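Novice: Structure of the sequence below:
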Amino acid sequence: DKSESRVTAEFYNCAVEVMRGAEAIDAYTALPLQEAFDIEYWLLEEAKLQRMPPEQELARQIIAVVGGGSGIGREAALRLAREGAHIVAIDRDEAGAHVTAKVITDMYGMGIGVAGSGISNCGPAVALPADITDRASIRAALEQVALAYGGLDAIAVTAGIFVAPDTAGRIPDEKWTQTFA
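Specialist: Model prediction:
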């Protein structure tokens, strides 16, 4: 997930700096594989890992909820977050998408590790504006998802509009077209 990725990146950056420092003085020599294994997988560490709760069903999944700014979309986003997913709330109503992302972030926190900058400075949820009827708008949102999380695992489309019928119970054809689009 995002927090594990941030922590892993920190360890990686620190390891590279240690290697550079060693090379500046003399030469870097890695531990023998067995010794590294013994350090990484010692019995107390294994015991700690066994006591951890099982991973949630949607842990490490990035799910975009299109229409996630209100109603069914917001509820779907909250449910998916409860199951462990990172959420991208995408909505034509950008303010509504931000509310959904804030609710999720307030519930689960930002996570740990290096924050990054721009869109990558996100935790378990991020909000993006997009209009599902506009291909370029969706493409731009998905590019931002890649910058935020590195990829996408699923999309839940809940976006839609409801056109109220007239007093006779009819909906004009152009309104049906708009609804289906």
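
Novice: Could you report the distance from Pro124 to Gly67?
Specialist: Distance from Pro124 to Gly67, counting by CB to CB, to the nearest Å: 19 Å. C-beta coordinates here come from the backbone N, C-alpha and C atoms, glycine included.

Novice: quick one: the helices in the protein?
Specialist: Remark: helices assigned in the chain by DSSP state H are 2-25, 33-40, 43-51, 71-82, 94-108, 135-149, 173-180.

Novice: The ones you listed: which one's closest to Ile161?
Specialist: Proximity to Ile161 (CB to CB) singles out helix 173-180 among the helices of the chain, at 6.0 Å.

Novice: Need the contact partners of the closest one.
Specialist: For helix 173-180, contacts defined as CB atoms under 8 Å, 6 or more residues apart in numbering pick out Gly160, Ile161, Phe162, Val163, Ile171.

Novice: try 7 Å
Specialist: Residues from elsewhere that reach helix 173-180, judged by CB atoms under 7 Å, 6 or more residues apart in numbering: Ile161, Val163.

Novice: which stretches of the protein have low pLDDT?
Specialist: Residues of the chain meeting the criterion pLDDT under 70: 113-116.

Novice: domain assignment for it?
Specialist: 2-50, 62-157 (the TED database).

Novice: Determine which residue lies closest to the centroid of this structure.
Specialist: Centroid-nearest residue in the chain: His86, 3.5 Å away (criterion: CA atoms, centre = their mean).

Novice: my guess is it meets Val126, correct?
Specialist: No. If you go by CB atoms under 7 Å, His86 and Val126 don't touch, sitting 8.2 Å apart.

Novice: Between the two ends of stretch 151-171, how far is it?
Specialist: Taking CA to CA, to the nearest Å, the first and last residues of stretch 151-171 lie 40 Å apart.
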